[in-house]
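Colleague: give me a model of this one.
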Amino acid sequence: MASINRVVLVGNLTRDPELRHTPSGTALCKLGVAVNDRIKQGDEWVEKANFFDVTVWGAQAESCSRYLAKGRQVAIDGRLDHQTWEKDGQKRSKVEIIAQNVQFLGGRQEGSGGGEAAVGAGAPSGLTPDTSDFEAPDSGGDDDIPF
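Modeller: Numbering: from 1, shown residues only. Below you'll find the model as predicted:
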């Protein structure tokens, strides 16, 4: 049976993006994303923040570095990557998200780019598709089903 490794998150950046380059020149951008969750404890709902490390590669890494800033809301579509290493004789591990698509959400903020922009495979960085030729579907209900 095939495996599925996919993560979709919507959250806010906890720090400014950190752009680096590999020795071969490939861009990578490190992001910190906070995703709030509500859990029920007794009779009350309590806010709980979850923090995730995200790595973005290539051209979209450069776009993230250029247009994103701490506090900006983003949607991340990617996969989990488990890393292990040894430091000071202690084995360490962490799980991070490798972003395959990053979408900038929310309005324009100081020091960042414009409105919504999808960055990833098939989407030019900083551009949103022109949907002016499309009409919104009627909300006529089940009577419009063609079968």
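Colleague: any idea how far F104 is from V74?
Modeller: F104 sits 6 Å away from V74, taking C-beta to C-beta, to the nearest Å as the criterion. All C-beta spots, glycine's among them, are computed from the backbone N, C-alpha and C.
Colleague: to clarify, my last question referred to F52.
Modeller: Between F52 and V74 the distance, using C-beta to C-beta, works out to 11 Å.
Colleague: and these two? Which one has more around it.
Modeller: The residue with more neighbours, out of F52 and V74, is V74; 23 against 19, by other C-beta atoms under 10 Å.
Colleague: do I have it right that V35 meets V10?
Modeller: Yes. Here V35 reaches V10: they are 7.0 Å apart, a contact under C-beta atoms under 8 Å.
Colleague: returning to what we had before: what do F104 and V74 both touch?
Modeller: Common contacts of F104 and V74 (C-beta atoms under 8 Å, 6 or more residues apart in numbering): L68.
Colleague: thinking again about what came up before, so what sits against both of F52 and V74?
Modeller: Overlap of the contact sets of F52 and V74 (by C-beta under 8 Å, 6+ apart) consists of 11, 33.
Colleague: for L105, give me phi and psi.
Modeller: phi -110, psi 170 (degrees, to the nearest 10).
Colleague: residues in contact with the nearest residue to it once chain neighbours are set aside?
Modeller: If the residues on either side of it in the chain are set aside, L105 comes closest to Q73, at 4.1 Å by C-beta to C-beta, 6 or more residues apart in numbering. For Q73, the residues meeting the contact criterion (C-beta under 8 Å, 6+ apart) are 10-12, 105-106.
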